[in-house]
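Peer 1: sequence plus the predicted model coming up.
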Amino acid sequence: MKKLIILSVIIIGGLIGATETSAHHRVSNYFYNGLHPHGTWIEIDHGVVVWRPTIMRRDWSPYREGRWIWTTDGWYWHSYEPFGYITYHYGRWYYDDYYGWLWVPGYEYAPAWVEWRYGDDYIGWAPLHPYTTIYITIGVVYPHSYYNPYYHWNFVTYNHFYDPYVYNYCVGPRYKYRVHSKTRYRTNYVRHNGRIRNNGVDIGVVRNRSGQRIRERDLLRVSDERTLNRTDRIEKDRIRTVYKSRDELERNEVRGKEIKRSRHKTSLDLSRVQIREVKERNKRNSNRDEQRKQLYKRTNEKRKFSGTSDRTKEPRKKVVREKNSREKSQDKNLYRRNNSSNEKRNIDKNSSFNRNDQRHKKKSVQQNVNRNRNNDKKVRTKTTNRNRNDSKTFVTRKNRNDNKTQNKSTNSNRRQEKSGSDNKRKVSRR
């Protein structure tokens, strides 16, 4: 019974693993082949793949190197970058704390996925965040409290907004906060004839404040990206862009490609992402986790049911077999050998203990001899020092006494001489 349970668990786990590997690393063939030469694909979660451009300067940001064109589908971003025909019309851009700018794939086309701000002197745009949802009746909605910070915005004056080199006139980072605080928010997406139209800031406002004649061009959708060139795609009355439908992108998905696994945790919260493909992937991951939990519960229940039975298992009796005479003799020999080896070990231990005792005794005797010698030396040095000091004191005292006697004799002689000279003087006076 246990073997059958284990086999069933292995088979079900293999089937789940096969479905996971088949759905793993799914991304459109059109996206993968078009962006692979210009960046790296990174898997930030199970089945959720993003793209990061390789050549990225410190001041680089999406929707910067290109120009704005007014078309039948609203404001269209014409990029000068080799990967712009995909990343600025599909998916969303997100700034990660570790990787920098990342592109999250999406299968819905738009002339440009941006949000707008405008004022009396400046007009600005920023990449639309993955947390946003677009409702045709309401507009852009942030379901979770989030907004694009001011340093992700690009601001220019109205005079330079329609310039083909608009990136040369963008406001510097120091002044973005000041301009951002003086502008108001404006984003207007409309679905027209099955197409998403990016109206953004009203064309009449831009024409009046820039003083330029901005004409409308037709947006011609092309299926082959090889027909696009930087010079050919803009014509007098129309502009060409690559368009792939959702069904076509989903049909040509790539499986089993080598995609780098992210070792660093991204700051993008996938549960808040509002892109349809990422939502579907999150549902699949949650369903997969639920299937695993149910499978584990079932296996645990089966194990408990098979392990706990009403019958009480009797303990097995140990059968002791009688030994032969040969086995008994072998046991005796082993016993003797073990005893002899133990005796030898004890003898060796005793000999080693005796040696250590002898060494310890010798050391103690030597230490006592050395102590006696040191004590004798100390006593001798003390006596010699005392004798020296006594002899010195005796000599000094003797010398002092001799000096005193000499001084006394000299003094007596001097007195006698004085008295004799005085007597002579008296006799001469008489």
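Peer 2: Received, thanks.

Peer 1: going by C-alpha atoms from here, please, whenever you check contacts or count neighbours.
Peer 2: Fine.

Peer 1: chain neighbours aside, what residue packs nearest to Leu88?
Peer 2: Residue 88: Tyr, not Leu. Ala112 (5.8 Å; C-alpha to C-alpha, 6 or more residues apart in numbering).

Peer 1: list the contacts for that neighbour?
Peer 2: Taking C-alpha atoms under 8 Å, 6 or more residues apart in numbering, we find Ala112 in contact with Trp75, Tyr76, Trp77, Tyr88, His89, Asn198.

Peer 1: tell me the one of those residues nearest Arg246?
Peer 2: Nearest to Arg246 among the contacts of Ala112 is His89, at 12.9 Å by C-alpha to C-alpha.

Peer 1: low-confidence stretches in the stretch 1-150 of the chain?
Peer 2: Residues of the stretch 1-150 of the chain meeting the criterion pLDDT under 70: 1-26, 46-47, 135-145.

Peer 1: follow-up on the earlier one: need phi/psi at the residue nearest to Tyr88.
Peer 2: phi -170, psi 130 (degrees, to the nearest 10).

Peer 1: same thing with Leu219?
Peer 2: Leu219 adopts backbone torsions of phi -100, psi 110, taken as degrees, to the nearest 10.

Peer 1: that one reaches Val242, doesn't it?
Peer 2: No - in this structure Leu219 lies outside contact range of Val242 using C-alpha atoms under 8 Å: 10.1 Å.

Peer 1: these two: which has the busier surroundings?
Peer 2: Leu219 (20 against 17; other C-alpha atoms under 10 Å).

Peer 1: what's near enough to touch that one?
Peer 2: Here Leu219 is in contact with Thr71, Thr72, Asp73, Arg238, Ile239, Arg240, Thr241 (C-alpha under 8 Å, 6+ apart).

Peer 1: quick revisit: among the contacts of Ala112, which ones are buried?
Peer 2: Trp75, Tyr76, Trp77, Tyr88, His89, Asn198 (16 or more other C-alpha atoms under 10 Å).

Peer 1: could those be laid out in JSON lines, adding secondary structure and distance to Trp103?
Peer 2: Converted to JSON lines, the buried ones among the contacts of Ala112 look like this (DSSP: H, G, I helix; E, B strand; the rest coil; distance: C-alpha to C-alpha, whole Å):
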{"residue": "Trp75", "secondary structure": "strand", "distance to Trp103": "21"}
{"residue": "Tyr76", "secondary structure": "strand", "distance to Trp103": "19"}
{"residue": "Trp77", "secondary structure": "strand", "distance to Trp103": "16"}
{"residue": "Tyr88", "secondary structure": "coil", "distance to Trp103": "9"}
{"residue": "His89", "secondary structure": "coil", "distance to Trp103": "11"}
{"residue": "Asn198", "secondary structure": "strand", "distance to Trp103": "20"}
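
Peer 1: from Tyr63, how far out is Tyr118?
Peer 2: The gap separating Tyr118 from Tyr63 is 17 Å, by C-alpha to C-alpha, to the nearest Å.

Peer 1: tell me how far the ends of stretch 75-86 are from each other?
Peer 2: End-to-end distance for stretch 75-86: 16 Å, by C-alpha to C-alpha.

Peer 1: ok, and what's touching that stretch?
Peer 2: With C-alpha under 8 Å, 6+ apart, stretch 75-86 has contacts from 31, 34-35, 38, 63, 65-70, 88, 111-112, 198-200, 230, 241-242.

Peer 1: quick one: buried residues of that stretch?
Peer 2: Trp75, Tyr76, Trp77, His78, Ser79, Phe83, Gly84, Tyr85, Ile86.

Peer 1: the first one pairs with what?
Peer 2: The residues listed as beta-bridge partners of Trp75 by DSSP bridges are Trp70.

Peer 1: give me the common contacts of Leu219 and Val242.
Peer 2: By C-alpha under 8 Å, 6+ apart, no residue touches both Leu219 and Val242.

Peer 1: out of the contacts of stretch 75-86, which are inside helices?
Peer 2: Phe31, Gly34, Leu35 (DSSP state H).

Peer 1: count the residues that sit near the first one.
Peer 2: Spelled out, that is Phe31. By other C-alpha under 10 Å, 21 other residues sit near Phe31.

Peer 1: what sits against it?
Peer 2: Ile86.

Peer 1: for Lys260, same thing?
Peer 2: Per C-alpha under 8 Å, 6+ apart, neighbours of Lys260: Thr40, Trp41, Ile42, Glu43.

Peer 1: packing partners for the helix or strand harbouring the first one?
Peer 2: So that's Thr40. Mapping Thr40 onto the secondary structure by DSSP states H and E places it in strand 39-45. Secondary-structure packing of strand 39-45 (3 or more C-alpha pairs under 8 Å, 6 or more residues apart in numbering; DSSP states H and E): strand 48-53, strand 260-261.

Peer 1: quick revisit: format the buried residues of stretch 75-86 as JSON lines; extra columns: distance to Thr410.
Peer 2: What follows is those, written out as JSON lines (distance: C-alpha to C-alpha, whole Å):
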{"residue": "Trp75", "distance to Thr410": "139"}
{"residue": "Tyr76", "distance to Thr410": "139"}
{"residue": "Trp77", "distance to Thr410": "136"}
{"residue": "His78", "distance to Thr410": "136"}
{"residue": "Ser79", "distance to Thr410": "133"}
{"residue": "Phe83", "distance to Thr410": "131"}
{"residue": "Gly84", "distance to Thr410": "132"}
{"residue": "Tyr85", "distance to Thr410": "136"}
{"residue": "Ile86", "distance to Thr410": "135"}
